[in-house]
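Participant: following is a predicted model, sequence given first.
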Amino acid sequence: MKQSFFIIIITSLLFLCSCTETKKTWQLTETIDLGDITPIGFTFQKDHIWITDGDHNQLVKVNHKGEIQQTFPDFERPMHLAILDETLYIPEYGSDKIIKFDNGQRSFLEIPDSLDSPAGVSLLEKEIAIADFYHHRILFFNGQNWMSIGEEGKAPGQLYYPTDVEILTDKIVVADAYNNRIQVFDKNGKSQQVIGMAEKMNAATGVYADNDFLYITDFEKDRVLIYEHDGTLSQIIADGINKPTDLMVKDKNLYIANYKGKNLLKFEKN
Amino acid sequence: MKNNIIILVAIFLLGISFQATAQSESMDAFTVQVDGLGCPFCAYGLEKKFKELKGIKQVKIEMETGIMDFTYPAEKDLSIERVSQQVEKAGYTPVSVYIKRGDGRIEKSEQKEAPVLAADDIQNLEIFVAGNCGMCKARIEKTAMKLDDVQSAVWDQETKQLTISASSKLKKADLEKAIAKAGHDTKNAKAKTATYNSLPGCCHYERVQ
């Protein structure tokens, strides 16, 4: 009887230890100061970072220390950008265009429908998704046809000022900004999940998703929330965060752009 | 031949200069200091919507300073009051307006001075006001400060409490009514749906039941 009791306790302790070990959390390891840049979106290309500086209407190329390498002016409120095959795709909130930026050359992405303040774009192979802010929708190209996903409103399936979007292989993840939530759609435009209502976010402005987690910036509450794909809250990060607008995981590090803090934060898992 | 070219160039330059003068005389230049530009998504959008106003030109907003510049046809004689209303309608909260008319006249908005109150006449009031962001804060505080008897007003974005210092003559119900009229629910006064709907997206707080 006594032996069985000990075996149960030891097994339980081993189980608890293994749980603790697997539950790694993101910890702030570096703050990359961006000087006067007010970042809205960012993405990586080789050994540098592209940042859209919304307040100053420019695209800025910085190194990993935040030192400016090149500046490209005359954008009209550039927002959450994306990169595919060395071409940057930059939504211009002020001009209602998606700019294709390749080695300093600018052209427009052809879209068969009008946009009203595009705030985010995502590309995956031939697929393109655009967060169309004032039209309260996602404009999605599935490789063959364009379709409109969502309409103005607060119910599941409806959007209220979407500001960012991310395409995964099987779903489209949307920063449903002023509904204060993440909304997940399938690629036919059907709403699958609404995530984050319990956390009472205030302006869910930037989203990133990978195979493990969904990440969202809670702009007004100065925090980032990380969810498992089933909607379970995994971690809330507040350390160093000051009006966050965008985030992404690169080389196993999580990067977060602070609009008001004018910096990029780097987090590592431990 | 050389002389002719010089004369032609001079006439051309004079023409450009005359055109530029005529252009500036036909337009009034406005500088508006606005408050509460915390959220870039709304602020950029409002800037864009403002640009769509008929006749408006050269709209430029500096997010960091909150200074908005634009020009407007002088013949329309846009007043300081109308500018303030238009700016408010676009979702911004104007702090000051400066106009340089096409004919050179300068006009400035008057800043309301806080009333000087006797120590035994001061009351501190605290009320709940629903709101979300920096733009809400600017709107709520400006609305409270517009009331005659209010000396100071501070709204806390976290607690949603508006704390004011005012003359004892000010009734709490009047304060709540004024705030609701600006689009923000309080516990005892609700904003009209149309007013609420006209607020910028980021200001769409959860309605008080």
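Facilitator: Cool, the structure landed.
Participant: the closest residue to A:Lys221 other than its chain neighbours: which element?
Facilitator: Nearest in space to A:Lys221, with sequence neighbours left out and distances taken as CB to CB, 6 or more residues apart in numbering or on different chains, is A:Asn202 at 5.1 Å. Bear in mind the C-beta positions are built from the backbone N, C-alpha and C, glycine included. Here A:Asn202, judged by DSSP states H and E, is contained in no helix and no strand.
Participant: hang on, A:Asn202 packs against B:Gly131?
Facilitator: No. Under the criterion of CB atoms under 8 Å, A:Asn202 is not in contact with B:Gly131, lying 10.3 Å apart.
Participant: pick out the residue nearest the middle of chain A.
Facilitator: Residue closest to the mean C-alpha point of chain A, counted by CA atoms, centre = their mean, is A:Val207 at 2.5 Å.
Participant: okay, that residue: pLDDT?
Facilitator: A:Val207 is assigned 98 on the pLDDT scale.
Participant: for the one 10 residues further on, same thing?
Facilitator: Per-residue confidence at A:Thr217 stands at 98 (pLDDT).
Participant: by proximity to chain B, which residue of the stretch 151-270 of chain A wins?
Facilitator: Scanning the stretch 151-270 of chain A for proximity to chain B using CB to the nearest CB identifies A:Tyr161 as nearest, at 4.3 Å.
Participant: isn't there a helix covering that residue?
Facilitator: No. Read with DSSP: H, G, I helix; E, B strand; the rest coil, A:Tyr161 is coil and lies in no helix.
Participant: isn't it up against A:His135?
Facilitator: No. The pair A:Tyr161 / A:His135 is not scored as a contact, 9.8 Å apart, by CB under 8 Å.
Participant: stretch A:77-89 near chain B anywhere?
Facilitator: Yes. Applying CB under 8 Å from any CB of the partner chain, one finds stretch A:77-89 touching chain B at A:Arg77.
Participant: tell me, how many residues neighbour the closest residue to A:Ile241 other than its chain neighbours?
Facilitator: Closest residue to A:Ile241 apart from its sequence neighbours, by CB to CB, 6+ apart: A:Asp222 at 4.9 Å. By other CB atoms under 10 Å in any protein chain shown, the residues close to A:Asp222 number 18.
Participant: correct me if wrong: A:Asp222 contacts A:Ile237.
Facilitator: No. With contact defined as CB under 8 Å, A:Asp222 and A:Ile237 do not form a contacting pair (10.0 Å).
Participant: residue ranges with poor pLDDT in the chain?
Facilitator: Went with chain A since none was named. Applying pLDDT under 70 to chain A flags the ranges A:1-22.
Participant: if you could check chain B rather than the one you did, that'd help
Facilitator: Along chain B, segments meeting pLDDT under 70 span B:1-24.
Participant: break it into its domains for me.
Facilitator: Taking automatic domain parsing as the domain assignment, the ranges for chain B are B:26-108, B:119-203.
Participant: so B:Thr71 is in which element?
Facilitator: B:Thr71 belongs to strand B:67-73, assigned by DSSP H and E.
Participant: send me the helix or strand just after that strand as CSV with only the CA atoms.
Facilitator: Using DSSP H and E, the helix or strand that follows strand B:67-73 in sequence is helix B:80-89. Extracted C-alpha coordinates of helix B:80-89, given in CSV (Å, rounded to 0.1, in the frame of the first residue of the first chain):
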residue,chain,number,x,y,z
ILE,B,80,-13.3,79.7,-37.1
GLU,B,81,-16.5,78.3,-35.7
ARG,B,82,-17.3,76.3,-38.9
VAL,B,83,-13.7,75.0,-39.0
SER,B,84,-14.0,73.8,-35.4
GLN,B,85,-17.4,72.2,-36.2
GLN,B,86,-16.0,70.5,-39.3
VAL,B,87,-12.9,69.2,-37.5
GLU,B,88,-15.2,67.8,-34.7
LYS,B,89,-17.4,66.3,-37.3
